[in-house]
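Enquirer: Provided below for reference: sequence and predicted model.
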Protein chains: 4
Amino acid sequence: MTDKPRARDIGLHFSGKPGPHNTITDVPGVTVGFSTIIEDAVEGVHKGLCTGVTAIIPRGGSGSIQPVWAGINSFNGNGELTGGHLINDLGWFLGPVMITNSHGVGMTSYATVGWMVDRYKDVFETDHMWCLPVVGETYDGVLNDINARGVQEHHVLEALNTATDGSVAEGNVGGGTGMIAYEFKGGTGTASRKIPVAGADYTLGVLVQANHGTRDWFEVGGVPVGQHMRENLVFEKEQGSIIIIVATDAPLLPHQLNRLARRGSIGIGRNGSKGGHNSGDIFLAFSTANGQDNPWRAPDLMNLDVLNDIHLDLFYEACVQAIEEAILNAMIAAEDRVAVKPAGKLVRAINHAELIGCLDTTEKDRP
Amino acid sequence: MTDKPRARDIGLHFSGKPGPHNTITDVPGVTVGFSTIIEDAVEGVHKGLCTGVTAIIPRGGSGSIQPVWAGINSFNGNGELTGGHLINDLGWFLGPVMITNSHGVGMTSYATVGWMVDRYKDVFETDHMWCLPVVGETYDGVLNDINARGVQEHHVLEALNTATDGSVAEGNVGGGTGMIAYEFKGGTGTASRKIPVAGADYTLGVLVQANHGTRDWFEVGGVPVGQHMRENLVFEKEQGSIIIIVATDAPLLPHQLNRLARRGSIGIGRNGSKGGHNSGDIFLAFSTANGQDNPWRAPDLMNLDVLNDIHLDLFYEACVQAIEEAILNAMIAAEDRVAVKPAGKLVRAINHAELIGCLDTTEKDRP
Amino acid sequence: MTDKPRARDIGLHFSGKPGPHNTITDVPGVTVGFSTIIEDAVEGVHKGLCTGVTAIIPRGGSGSIQPVWAGINSFNGNGELTGGHLINDLGWFLGPVMITNSHGVGMTSYATVGWMVDRYKDVFETDHMWCLPVVGETYDGVLNDINARGVQEHHVLEALNTATDGSVAEGNVGGGTGMIAYEFKGGTGTASRKIPVAGADYTLGVLVQANHGTRDWFEVGGVPVGQHMRENLVFEKEQGSIIIIVATDAPLLPHQLNRLARRGSIGIGRNGSKGGHNSGDIFLAFSTANGQDNPWRAPDLMNLDVLNDIHLDLFYEACVQAIEEAILNAMIAAEDRVAVKPAGKLVRAINHAELIGCLDTTEKDRP
Amino acid sequence: MTDKPRARDIGLHFSGKPGPHNTITDVPGVTVGFSTIIEDAVEGVHKGLCTGVTAIIPRGGSGSIQPVWAGINSFNGNGELTGGHLINDLGWFLGPVMITNSHGVGMTSYATVGWMVDRYKDVFETDHMWCLPVVGETYDGVLNDINARGVQEHHVLEALNTATDGSVAEGNVGGGTGMIAYEFKGGTGTASRKIPVAGADYTLGVLVQANHGTRDWFEVGGVPVGQHMRENLVFEKEQGSIIIIVATDAPLLPHQLNRLARRGSIGIGRNGSKGGHNSGDIFLAFSTANGQDNPWRAPDLMNLDVLNDIHLDLFYEACVQAIEEAILNAMIAAEDRVAVKPAGKLVRAINHAELIGCLDTTEKDRP
């Protein structure tokens, strides 16, 4: 699907054992689709579009309308992931998880409602069923004329309708198209881990939309490479955000998934972020296990499997590892873009050779 | 502006001293506007629209883009009020508070971004400024073909552009157009209280979109009138929600406003609600005091007035009183509507004479 | 066990069907014990003690060390219920729930650890097991020389060791001994409800330590009796708190129990409280269903029953009803006490005849 | 005060500029005291004590009873820090912050109430004032006979009464005496950073009680030294916890301090922790600025300075840096201890030369 290099391809090493594609779609049933919007400036309309929409469909493989159990954590809430009240209260959500730019949240929500109503017409026509979509965002106003509100209904439908399992595109794609991470070009990234425990072999996958961090903070494998790679700086202060979606097929309950989502902060810290103020660092974890119909159609008494808490450290570790790798995957696959604000500013993708060289040199220089 | 009767007009009594209009607009600077959407069925398009949009603009009077300090509480999170992560974290929000139907959240958010970008063009063009609108919702799928997504961009702009101070329409208006409360016709309601304290004379105003409660639970002034008014029942279980917006000009900080918002549950309990499961009971409180520019333009060190906590009980009391009255105002002003699902079902507004009669009789019958 | 009158005995009416004893011990397995500490002033030691300790043992009947699933809500956090971080995170707690006065929390926690270690010696000696007791408090410094720290280890052990099922003492007993509610003598109260649903017959019981409210706010059955019963006022502002413990045998998960606990605010609102600022209004709900060993001894994969959310309204309603009744039970069973601060001030128990008379008269006077 | 080496003394490097003592007491007015309890086994009484109490007094220098503004974050709530409801609600707390072992919380709370009542006798005798101490804990049951409840009232008073400014003892001292971190001997550690901003020169200090992490996870300066230092392992899974106290003299409000506390997770992640399940990772941040009397004595309208949010990244960075250093300070200063459970097991302090050697070697081996 994509021949862009990934972090492992250029020689970076990570802990833990990834799933077959090393993507969030390694969690059985999860599908991912994108709409990538890149347009040159149109006089009087917009100054250039560089944005998009990402769709993660927890039960995309089966098409089932069953909710997934979920937990959410807002580590730094200067951003948006709609549906949070519902997830905190009910412990589940219905339908896809969408990610786009800050000013695309409304249209993405609008279009997702339409898609759900259309796709599950019989349920929406029969029951008093409502749809309150889960839509996250990060800000791409440097590379994209965000005020032009370039995300349109057909883009959202494209992301939803092209969602598949298997390999997942990374870098300048979907909601991640116009993102900037650690003052390099950022974007969409994904990774996964296998978690063999108690006779089962669970999978945990993450997808990030990485738009966070300042160069000063940037570390790879514990090496402060951002102190050495000083060209093409973009910001005075952190301006961005990161949305992290964590999927697993392990039978975890909402209060456990809430804890799992909370590990997002440890995950982003692996590359040196301090969770800057101008950042919506919001994390969502869901489990595809324990499928149940929505309450109106579920039995009076449900019966759920629950993994014993003593095994959670394995999931926390896998989650942190996969986040670290997914962020680097987003950056390694990303490609240079020229900004619209300030116009003409070049936002460079990280140079792979330079990174590797810097890692080698810095290592040797350390006392 | 409206000649619909209010709860006091039909003889109901309430505690506390209201402001001049007994509306949320009694808080200086706050303006309110509506778009009311009522359309007969159009073959192949929709089965009938009965919905709308409400705009509350905290600094509508001055037009300033200054944020307002705020706190939020999700008592029963089975609903949506976007912007919650941000308010929890920053303690403030920018721009208007919008309320609409569940499937109108996306378009309302989309259009509000457009309105903000247009209205504060210089700021959005100069700064790296983002807009993540605060949009609440309740479900009107009984009276409105909610799946047709009837709220369009021009409706949202109408609500925003017609916002004024002074009297506020109630009942079947704006976002409250298609609502049902305690199985009577519900809608939009408002009320206010004056709070003289420590030499100042503060105002607290509330606006509710009342779509909650079952008839069994309904009480007025402590009298369980719902046990006696048994005609035209609508539901087997609670289906609805209530959004409550609380405004004040008192200098309260975010952590105090969070506590104030939390009193919403006591307020809705006054009419007998237990906060039913199928309900998004979400409460937002903001203060127009301590106006400051957004962080990019505010001084390094701000200086804020803060009311001593020992006076908060007066605000809690005023908040509960105003919520109780605003809900009844919504119901008293409401007018009958015929449902689209189940089609033809009549949802009655509460009969004023019957209510007063029931209050008299029930009182006398009580042991 | 007690021949003090209860609210129903003096003619008050309540909704819902109580369990056999109308106590929290109607939930099978739950036991309750008290230590009541009343001492005259001792020169140089204390100015008079009027306090105590209440023990609620969720699995007191079986003596099992199995945790109970739980949820917690801090409606007004100006108080203490230790163990909250743990309950929020794990969704369960081990051992008893203790309630005492504000300055007795430490000794109660200390003694409870000793009791647990002694009672489950084999587990504590074998495993790396820790005990972080759940201890709530309300302030009794008006009637009790709270600064003398009168609660001693043997009092705590007495409450724990005398815990039984069956009827439960109310009023000036245990932790409730020195409490004041709505400026009448307050104390300990309890009530329960039966909840037949989906072929099962669940029980919900509550126990309150009622020390909250001002006379102005006091209502009974919706009648503002506090406006009429104006003698022996105690405070200028609310000084107190209320701790509410909710028990059920229904199979509810932590995120559902959290929602159930949250209904405490609606419950206390039934008697007119606005959740005053000087009040620790903290609510805990636990379920004895789905018994599991602690994680070190539980199986890798647990299997839990979960009641469908659509039935929760019945529990919310039962919870609110039982809280309303338990608070009045506490007040009706209470007995006059003379204060130590201000010394000599008489805090009256509510006069039953006067209350009934006031209810009758007020009803007739209402417009 | 102590001649134990600190992390910098053995050649470790850290970012940021520390205060004069590189301790939490660099924040003006903050004092710290300890009681260290080490006793050999006494037949029939205990199997050996190795525990203690730490007291951090925010206004220890002035002795003022003024509260400090505060925020709290429970990253992994499998532990205790009492006073959390109050801090979440009021945004401040009164009196000292105490840290001890898990089974010492009760006695520490009890004794702290006594100390407060005695120290501020006039206030407690005049006002209806209550004291709900802030007491944190981590588990030392490996090195200490925790079930013997060795912390007594005089220990707590010793910690409180010996609190001073200036240098602070580290390692096996106070509440940290019996702690284990990354399967090396852990304990108490501290560090500070200067934050020059907007013409002021603020200080941020942290004190940690480090009892967390598994060897596998342990990293220093980004180097996974725990993968190489494989001797004297202690656990199969993480058993411990970490309490972090963050102090600053910058004028931050409660909602800002809450965000600052939340950075604790990034801080602990710096040494490789994933926030293991069996861990109470609870973080408290307070500001000594904006001193105000308690509400009963404060003016009706307070006036507070508030630092603009745009400067918070400097505090987040300082907080993360100081936590990383404080944890290593705790470990570097720690000394070997022999366990009581399993009896005889040696828990080694980290060998300084071996650590430095491992850092050198590992660096060279990295690809």
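Expert: All right, it came through fine. Numbering: from 1, shown residues only, chains lettered A, B, ... in the order given.
Enquirer: Any residue of the helix or strand encompassing residue A:305 touching chain C?
Expert: Element membership of residue A:305, judged by DSSP states H and E, is strand A:301-307. Yes. Using Cβ under 8 Å from any Cβ of the partner chain, a contact is recorded between strand A:301-307 and chain C, made by A:301-307. Where you see a C-beta, it was placed from the backbone N, CA and C, and this is true even at glycine.
Enquirer: out of these, who's nearest chain B?
Expert: Using Cβ to the nearest Cβ, the shortest approach to chain B within those belongs to residue A:302, at 15.0 Å.
Enquirer: residues contacting the closest one?
Expert: With Cβ atoms under 8 Å, 6 or more residues apart in numbering or on different chains as the criterion, the residues that contact residue A:302 are A:292, C:305-308.
Enquirer: Try it again at 10 Å.
Expert: If a contact means Cβ atoms under 10 Å, 6 or more residues apart in numbering or on different chains, then residue A:302 has A:290, A:292-293, A:295, C:251, C:253, C:304-309 as its contacts.
Enquirer: Show me the one in the residues of strand A:301-307 next to chain C that has more neighbours than the rest.
Expert: Ranked by neighbour count under the definition other Cβ atoms under 10 Å in any protein chain shown, those are headed by residue A:307 with 25 neighbours.
Enquirer: do you know how far it is from residue C:345?
Expert: Between residue A:307 and residue C:345 the distance, using Cβ to Cβ, to the nearest Å, works out to 57 Å.
Enquirer: Likewise for residue A:10?
Expert: Noted for residue A:10: a distance of 78 Å to residue C:345, by Cβ to Cβ.
Enquirer: Equivalent analysis for residue A:200, please.
Expert: As for residue A:200, its distance to residue C:345 is 65 Å (criterion: Cβ to Cβ).
Enquirer: can you check residue A:359 too?
Expert: On the measure of Cβ to Cβ, residue A:359 and residue C:345 end up 75 Å apart.
Enquirer: which of the two has more neighbours?
Expert: When neighbours are counted by other Cβ under 10 Å, residue A:359 and residue C:345 differ, and residue A:359 comes out ahead with 20 against 14.
Enquirer: you'd agree that one is up against residue A:226?
Expert: No. Checked against Cβ atoms under 10 Å, the pair residue A:359 and residue A:226 is beyond contact range at 11.9 Å.
Enquirer: Would you mind grabbing the residues shared as contacts by those two?
Expert: Each of residue A:220 lies in contact with both residue A:359 and residue A:226 under the rule Cβ under 10 Å, 6+ apart.
Enquirer: Next, the distance between the ends of stretch A:114-131.
Expert: The first and last residues of stretch A:114-131 sit 9 Å apart, counting by Cα to Cα, to the nearest Å.
Enquirer: let me fix that: stretch A:331-340
Expert: One end of stretch A:331-340 to the other measures 20 Å (Cα to Cα).
Enquirer: ok, the contacts of residue A:302 vs residue A:63, which is closest?
Expert: Comparing the contacts of residue A:302 against residue A:63 with Cβ to Cβ places residue A:293 closest, at 14.0 Å.
Enquirer: Isn't the closest one up against residue A:92?
Expert: No. The pair residue A:293 and residue A:92 does not pass the contact test of Cβ under 10 Å, sitting 11.2 Å apart.
Enquirer: helices and strands around whichever helix or strand residue A:100 is part of, which ones?
Expert: Under the criterion DSSP H and E, the helix or strand holding residue A:100 is strand A:97-101. Counting by 3 or more Cβ pairs under 10 Å, 6 or more residues apart in numbering or on different chains; DSSP states H and E, the packing neighbours recorded for strand A:97-101 are strand A:31-39, strand A:49-57, helix A:105-119, strand A:134-138, helix A:153-161, strand A:200-211, strand A:241-248.
Enquirer: Please convert those to JSON lines, extending it with mean neighbour count.
Expert: Putting those into JSON lines (neighbours: other Cβ atoms under 10 Å in any protein chain shown) gives the following:
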{"stretch": "strand A:31-39", "mean neighbour count": "22"}
{"stretch": "strand A:49-57", "mean neighbour count": "29"}
{"stretch": "helix A:105-119", "mean neighbour count": "25"}
{"stretch": "strand A:134-138", "mean neighbour count": "29"}
{"stretch": "helix A:153-161", "mean neighbour count": "21"}
{"stretch": "strand A:200-211", "mean neighbour count": "27"}
{"stretch": "strand A:241-248", "mean neighbour count": "29"}
